[in-house]
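J.: below are the sequence and a predicted model for it; my questions follow.
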Amino acid sequence: MVIDNDLKQITQLILEAKEKAHQETSWEPKPEFTQSLKWPINCSIGPGLEGAIVCDTKIGYVNGSKGWLIYQGYDIFDLCAHSSFEEVSYLLFHGSLPTKDELASFKQKLNLYRNIPQTIRQLDSFNIEGMSPMASLRLGSELMRQQKGNLIEEHMQFLYPGISADEDSIPMEKKPIGEEKAIYEFESNEKESTELLDSCYQCIAGLSSIMGAIVRLRSGHLPLEPDPDLGFAANLLYMMSGKKPTPLEERVMDICLILHAEHGINASTFATMVVASTLSDIYFSVGAGIAALNGPLHGGANQQVISTLEEIKSVDNVKAWYKKLRAENGKVMGFGHRVYKAYDPRARILEPLAKLLVNDKPQMQEMYSIAKSIEAEVMEDMGNEKKIFPNVDFYSGIVYKALGIEPEYYTPIFAVSRVSGWTAHVVEYLKKNRIFRPRAIYVGDYLNEFISIEKRK
């Protein structure tokens with residue numbers, strides 16, 4: 001009965017967060033730029049392709065002004081309140097929530113693909129203890145690729161017949177305007193498309209087993225086989241810790257995975273899509289996503305948040321700490337977002353979950369209180385004027401720590417979840433694939449006179 005009450009309480013907390021979020025941004029205008037595109041389009045582009053439109057998508061939508069995060073038309077609050085990571089992963093690929101039979105079939109495939117003993121044995125032969133967890137995860141994805149055998153080498157090049165080499169469709173000496181269609185058109189092969197989808201499912205399931213093995217090997221224990229009676233979130237926690245999670249722990253991890261599964265064309269998703277657009281295979285593509293997520297500007301802020309909270313030590317120290325940080329023009333980790341100019345909906349969901357988890361963990365209650373005190377300082381100082389609010393990283397670290405997960409594994413868990421979004425975008429984009437080929441404007445010299453090495457100064 002206590003367990004049922006906890007799970008009902010989680011649902012209620014999320015729905016209350018949804019109501020608050022929608023009330024606070026109800027005055028913001030409805031979305032405008034969400035219609036189908038007619039290529040070529042005009043848009044303002046900044047350095048790093050900022051503002052560039054690379055494709056249209058139905059998979060994920062972020063509205064920073066309203067604080068929306070939408071997966072295939074569904075509000076993230078509703079998905080977290082009522083759904084599971086398996087259902088959400090299916091939704092990202094297929095555009096609709098699964099029926100009971102579809103979900104059972106999908107779970108059966110994930111259970112099958114979660115068993116990768118050959119990959120785990122190969123992983124065990126490397127010095128995992130001497131590698132970073134993200135490097136180990138990327139290595140694991142490559143080893144999982146090898147398990148597919150020699151067929152993987154030829155798989156993607158036959159996905160679409162008639163593919164061309166990487167040639168420029170716009171002369172470099174002309175102003176870039178874009179073309180409505182690619183010069184080279186080709187049709188999808190249904191059989192190979194199904195095989196691609198199954199490979200994506202294997203990436204989702206297999207990466208969770210690799211994650212569990214990495215944690216076990218780094219802590220001096222043997223990897224565990226997945227339990228077919230456990231769901232995705234419960235298996236992940238079990239394979240990492242060796243203990244079957246409580247229903248509360250399983251549900252919270254399930255929600256964390258849902259929250260991290262998709263977030264539009266971010267750096268790691270784009271990196272995955274760029275590699276896939278060359279018709280390289282999905283395992284290499286996922287490896288690119290892991291590599292991009294490893295960068296400190298993309299993943300890992302929640303680990304730094306935990307370090308900050310441990311450094312402050314007490315709520316009594318927050319005001320002095322914040323005053324000093326602002327005087328030094330420092331950055332508060334876990335606050336602000338490139339897209340959101342409202343409270344990050346993921347942070348709205350994670351904050352009450354963090355509070356719920358620390359209720360029976362006295363050693364962590366002070367950490368949560370420090371976080372709330374920091375939020376109050378930042379919101380008073382920069383919230384309304386500069387639109388600086390907590391992002392997904394601020395409370396996710398507390399949630400993971402309360403689940404007994406060490407900070408160095410926070411970003412790899414992010415990858416284990418986001419692989420659903422990465423691969424779903426690849427499947428969608430390949431239906432109208434065009435190799436990514438942005439340009440740089442050459443601003444250097446030309447026609448310089450060659451000087452022999454004896455005369456160079």
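T.: Structure's in. What do you need? Numbers count the residues shown, from 1 in each chain.
J.: between the two ends of stretch 404-416, what distance do you get?
T.: Stretch 404-416 has an end-to-end distance of 17 Å (C-alpha to C-alpha, to the nearest Å).
J.: low pLDDT regions in the chain?
T.: Residue ranges of the chain with pLDDT under 70: 1-3, 149-192.
J.: show me the domain layout of it.
T.: Using automatic domain parsing, the domains assigned to the chain come out as 2-171+183-298+410-430, 301-402.
J.: as TSV, those with mean neighbour count and distance to residue 446 would be great.
T.: For the C-beta atoms, the positions are set from N, CA and C on the backbone; glycine is no exception. Shown next, in TSV, are the domains of the chain (neighbours: other C-beta atoms under 10 Å; distance: least, C-beta to C-beta, whole Å):
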stretch	mean neighbour count	distance to residue 446
domain 2-171+183-298+410-430	18	16
domain 301-402	19	36
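J.: quick one: these as TSV, columns for distance to residue 452 too.
T.: Below are these laid out as TSV (distance: least, C-beta to C-beta, whole Å):
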stretch	distance to residue 452
domain 2-171+183-298+410-430	34
domain 301-402	49
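J.: residue 440: which of these is closest?
T.: domain 2-171+183-298+410-430 (10.8 Å; C-beta to C-beta).
J.: any chance you could map the strands in the stretch 51-200 of the chain?
T.: For the stretch 51-200 of the chain, the strands defined by DSSP state E, counting those that start in this stretch occupy 60-63, 68-71, 74-75.
J.: out of the ones you listed, which comes closest to residue 19?
T.: strand 74-75 (11.5 Å).
J.: what packs against that closest one?
T.: On a contact count with 3 or more C-beta pairs under 8 Å, 6 or more residues apart in numbering; DSSP states H and E, strand 74-75 meets no helix or strand.
J.: residues contacting it, please?
T.: 18, 68, 69, 91, 97 (C-beta atoms under 8 Å, 6 or more residues apart in numbering).
J.: biggest helix in the protein, by residue count?
T.: Among the segments of the chain that qualify as a helix by DSSP state H, the longest is helix 190-218.
J.: helices and strands around it, which ones?
T.: helix 85-94, helix 100-114, helix 117-124, helix 133-147, helix 151-155, helix 232-241, helix 282-293, helix 410-430.
J.: to residue 37, which of the ones you listed lies closest?
T.: Once those are compared by C-beta to C-beta, helix 410-430 is nearest, at 13.7 Å.
J.: and that closest one, how far from the chain's centre?
T.: Averaging C-alpha positions (C-alpha atoms, centre = their mean, to the nearest Å) puts helix 410-430 6 Å from its chain's average.
J.: give me the phi and psi angles of residue 73.
T.: Residue 73 adopts backbone torsions of phi 90, psi -10, taken as degrees, to the nearest 10.
J.: how much space between it and residue 57?
T.: From residue 73 over to residue 57 the distance is 12 Å, taken as C-beta to C-beta, to the nearest Å.
J.: how many neighbours does the residue lying closest to residue 278 once chain neighbours are set aside have?
T.: Nearest residue to residue 278, sequence neighbours excluded (C-beta to C-beta, 6 or more residues apart in numbering): residue 435, at 5.8 Å. Here the number of neighbours of residue 435 (other C-beta atoms under 10 Å) works out to 17.
J.: surely residue 435 forms part of a strand?
T.: No. Residue 435 is assigned coil when assessed by DSSP: H, G, I helix; E, B strand; the rest coil, not a strand.
J.: can you show me the CA trace of stretch 263-279 as PDB?
T.: Provided in PDB are the C-alpha atoms of stretch 263-279 (Å, rounded to 0.1, in the frame of the first residue of the first chain):
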ATOM      1  CA  HIS A 263      15.500  17.200 -27.200                       C
ATOM      2  CA  GLY A 264      15.400  18.200 -30.900                       C
ATOM      3  CA  ILE A 265      18.500  18.700 -33.100                       C
ATOM      4  CA  ASN A 266      21.000  19.300 -30.300                       C
ATOM      5  CA  ALA A 267      24.800  18.800 -30.800                       C
ATOM      6  CA  SER A 268      24.800  15.000 -30.100                       C
ATOM      7  CA  THR A 269      21.700  14.300 -32.200                       C
ATOM      8  CA  PHE A 270      23.100  16.400 -35.100                       C
ATOM      9  CA  ALA A 271      26.500  14.500 -34.800                       C
ATOM     10  CA  THR A 272      24.700  11.200 -35.000                       C
ATOM     11  CA  MET A 273      22.700  12.400 -38.000                       C
ATOM     12  CA  VAL A 274      25.700  13.800 -39.800                       C
ATOM     13  CA  VAL A 275      27.500  10.400 -39.700                       C
ATOM     14  CA  ALA A 276      24.400   8.500 -40.600                       C
ATOM     15  CA  SER A 277      23.800  10.800 -43.600                       C
ATOM     16  CA  THR A 278      26.900   9.400 -45.200                       C
ATOM     17  CA  LEU A 279      25.300   6.000 -44.900                       C
END
